[in-house]
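# 3D model of this:
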Amino acid sequence: MDKHLTLSGKDLKEMLIAGTDWLEKIVPDINALNVYPVPDGDCGINMLFTMRSSLTEAANLDDNAGISSVAEALAKGSLMGARGNSGVILSQIWRGLCEGVKGKDTIDAKEFASETARHALSNPVEGTILTVIKDAASAASQEAFNSSSSPISAMEAAVDAARISVKKTPDLLQVLKDAGVVDAGGHGFFTLLEGALLHLNNNMDNRTPELLNSTAVLSVQTPQIAPEEEPYGFCTQFMINGTDLNLYGLRDSLTGMGKSLIVVGDSNNIRVHIHTQEPDKVLETALEYGEPVDIDINNMDEQHIEFLVLHKEKMTKNGTAIIAVVNGDGMMNAFSDLGVSAIIPGGQTMNPSTMDMLQTIEEVTPDNIIFLPNNKNVIPTANLLQPLTKKNIHIIPTETIPQGISALISYIPEEDFETNVKEMTDAITSVRTIEITRATRTTKVNGLNIGGGEIIGLLDGDILTSGKNYQDTIIELLADIDMDGKNVLTIYYGKDADPDHVNDISKIIGSRYPGLEVGIVDGGQPHYEYIISVD
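Numbering: from 1, shown residues only. The predicted structure is shown next:
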């Protein structure tokens, strides 16, 4: 790259490859920067997979491609690979850059900074990734108008400003200050920029990404790597512990053996995640670097066959298909029994991409689609779908599994599309959702001092209580619900819950609320021991 004049398509691609590799090194830490200490921190993984999708599209171009072509490929790849809110924001950045450099082979520092700044929001929600993007873009733009500016000096200004902006996020957003964390998306964006700059300066050797959070210990549990990029093959995960481990050698050895490869850690602990058709060969290769432990192998093909292409006779007679994002075998069975047309495996820690959703939409026969995200982090990606297909899609903004089930129950096959959309949307407003899990770290949130590993209870997404046992936590949350007019309570217990305890909890609830019909379903969901619907 000419350090003083222009930025080419090859430069841009190499910068972002380096930035993405840099981001990958710190994904577990980004995931752990969750305002709530719940086991669904997936911001880092969403940003990583979105960037990988961008770069996969750009990899089809040769090194002579102009910056316009590379930016267009990045925009297309990020749109199809976007996951979660942070991934959607990244896709918007590359779309803005694509529009700004259209028809150009190279750009200078002023153009690079100006286009970045022009597409940053002028009035972002303070204390979020949008603030960090705005601050970085503004600093780059100011630097670009100095007489001696270059793309590198503009990038240096952007990285410095992003670093400062991330550190300030807790001062701008009270929930971050209470939780003792900086904004995860902003930190991920800073790390991406930092890696790109280090590449431009040939200064990546013997360095590790900078962790900007002021809290020394973020997590009492190892953050889980989101396991779903494509629901095929075997999802293979394991750890290697030891000394002087060769992380980069292991990553190179496993490259090409599957998809969604993630190798993160340090010289003492390495976590591996890969989708592969040959898990035995992956483990055999890993043995050359250390002994794999905590091995977890799941056959995603069986899930795909059983759940993804589904019940064409159900809910399709009037030209409508219902598609839902669901995690856990029991939960999938529940949605299947209620007649959904297709299920996309996903949810907490495993937000599906735009492409995952679009492929399923195109697989079902009807042209009218009702889509149930069932997770607040899936909704932004689902909102990208309509322009990508000729089918008519309506997103019911379900943020929880119970809301999705309530919407499904309200579906009337004999009614038309518009009527069902209204009925299902109305239905999600009446259901209350209780979620019980364990805190991933020590923190303060909503006035509660929560210890790492402590049981916590959420009501409609807000942490309202913590405790030492599941029963008391659930009873306390039920006391916060106006039970007048509530007729049905359903307990969906997770894969780590004790079935005997479930029965005890059911009996106690029944004795306290004698007019309530209490049901029990083996949901099999990960991370959350109990999800309870009150309707």
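
# Asp21 belongs to a helix, doesn't it?
Yes - counting by DSSP: H, G, I helix; E, B strand; the rest coil, one finds Asp21 located in a helix.

# which residues does the residue lying closest to it once chain neighbours are set aside contact?
Leaving aside its sequence neighbours, Asp21 sits nearest to Gly195 (CB to CB, 6 or more residues apart in numbering; 6.5 Å). Using the backbone N, CA and C atoms, a C-beta is placed for each residue, glycine as well. Contact analysis of Gly195 by CB atoms under 8 Å, 6 or more residues apart in numbering lists Ala18, Gly19, Thr20, Asp21, Trp22, Leu23, Met204, Pro209.

# out of the residues you listed, who's the most crowded?
Leu23 (27 neighbours; other CB atoms under 10 Å).

# Ala179 versus that one, what's the distance?
Distance, Leu23 to Ala179, by CB to CB, to the nearest Å: 22 Å.

# dig out what the closest residue to Asn392 other than its chain neighbours forms beta bridges with.
Spatially, and ignoring its direct neighbours in sequence, Asn392 is nearest to Asn368 (5.0 Å; CB to CB, 6+ apart). Beta-bridge partners of Asn368, counted by DSSP bridges, are Thr320, Asn392.

# wait, doesn't Asn368 sit right on Ser341?
No - using CB atoms under 8 Å, Asn368 is not in contact with Ser341; the gap is 10.6 Å.

# who touches Phe417 in this structure?
Contacts of Phe417 (CB under 8 Å, 6+ apart): Asn318, Gly319, Thr320, Asn368, Ile370, Asn392, His394.

# the second one contacts Pro366, correct?
Looking back up the chat, that one is Gly319. Yes - counting by CB under 8 Å, Gly319 touches Pro366, with 4.9 Å between them.

# so for those two, which sits in the more crowded spot?
Pro366 (20 against 12).

# and the pLDDT for the closest residue to the more buried one other than its chain neighbours?
Residue nearest to Pro366 in three dimensions, not counting chain neighbours: Ala321, with 4.2 Å by CB to CB, 6+ apart. With respect to pLDDT, Ala321 scores 92.

# how close does Ala321 get to Glu414?
Computed as CB to CB, the Ala321 to Glu414 distance reads 16 Å.

# with Met80 instead?
36 Å.

# the two: which is more packed in?
Using other CB under 10 Å as the criterion, Met80 and Glu414 rank with Met80 on top: 22 against 8.

# domain ranges for the chain?
Following automatic domain parsing, one gets these domains for the chain: 6-200, 234-302, 309-427, 432-534.

# deepest-packed of these, please.
Most buried of the domains of the chain, by mean neighbour count (mean count of other CB atoms under 10 Å): domain 6-200, with a mean of 22.

# how long is that domain end to end?
13 Å (CA to CA, to the nearest Å).

# for the remainder of this discussion, apply numbering that starts at 94.
Fine by me, first position is 94 from now on; the one you just mentioned is domain 99-293.

# centre of the chain versus that domain, how much separation?
17 Å (CA atoms, centre = their mean, to the nearest Å).

# name the nearest residue to Ile257, sequence neighbours excluded.
Asp228 (7.3 Å).

# check which helix or strand covers that neighbour.
helix 222-237 (DSSP states H and E).

# and after that helix, which helix or strand comes next?
Immediately after helix 222-237, counting by DSSP H and E, sits helix 244-265.

# which strands or helices does that following helix pack on?
If you count contacts as 3 or more CB pairs under 8 Å, 6 or more residues apart in numbering; DSSP states H and E, helix 244-265 packs onto helix 202-211, helix 222-237, helix 267-272, helix 277-293.
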